[in-house]
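Peer 1: Turn this into a structure:
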Amino acid sequence: MDYYPKNKYPDAALSAEQIRVREFLLGVKDGRFADRSADILAHYLLGHFWKDDLKKWAVCYIPAATQERTNRRYNELANKVLSKVPVVDGRGWIRVTRDRSASRESAKGDDTTWNLSFDREKIQGKRIFLVDDITTRGMSFVQCARKLKENGAADVVGFFFGKSVYSD
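Peer 2: Modelled structure (predicted):
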């Protein structure tokens, strides 16, 4: 889904559908739409992989700026996905060890994983679906995927609910 950031696109510049999608994606970010987002993720996984193959995969989540925000964003979603899809629960395999600013603008070009720890023992040899709410440039995914591979992950596949749209 295309995400039109509020700081770049006022409501008046968007269609009703674009505003509806933006509000849904903002709801994914703050954990309000766990049912719908779990349905979307489960539908994707069940539509692209054999059910028996899914048992070999773990679902991990790219953390938010703080562990509290990460829990709010993903705990209910993860529980609902696990009730629908036979995957391994990878919550906690990537953890926030130090809170950071929520602003991505200040971290351009920097290591987005500096404040994260990766549980090598659990990651080792696993096939991982790495889930994020919204991707902008893909930096968080690339850096988290690299760290997962460095910690022994066999495969890493990304899933994003939305992609930021920029006019400049």
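Peer 1: so Arg91 makes contact with Cys60?
Peer 2: Yes. Contact between Arg91 and Cys60 holds when scored by C-beta atoms under 8 Å: they sit 7.4 Å apart. Backbone N, C-alpha and C define where each C-beta goes, glycine included.
Peer 1: Just to be sure, Asp52 is in a helix?
Peer 2: Yes. Going by DSSP: H, G, I helix; E, B strand; the rest coil, the assignment for Asp52 places it inside a helix.
Peer 1: circling back: Arg91 and Cys60: which is more packed in?
Peer 2: Under the neighbour definition other C-beta atoms under 10 Å, Arg91 and Cys60 were set side by side, and Cys60 has more, 28 against 18.
Peer 1: what's the burial count for the residue nearest to Leu45 when sequence neighbours are not counted?
Peer 2: Leaving aside its chain neighbours, Leu45 sits nearest to Val85 (5.1 Å; criterion: C-beta to C-beta, 6 or more residues apart in numbering). Around Val85 there are 21 other residues, counting by other C-beta under 10 Å.
Peer 1: Val85 contacts Ala42, correct?
Peer 2: Yes. Applying C-beta under 8 Å, one finds Val85 in contact with Ala42, separated by 4.9 Å.
Peer 1: outside of stretch 53-69, which residues touch it?
Peer 2: Outside stretch 53-69, the residues that touch it by C-beta atoms under 8 Å, 6 or more residues apart in numbering are 29, 41, 45-46, 49, 70, 72-74, 78, 81-82, 85-91, 93-96, 99-102, 116, 122, 126-132, 140-141, 144, 148.
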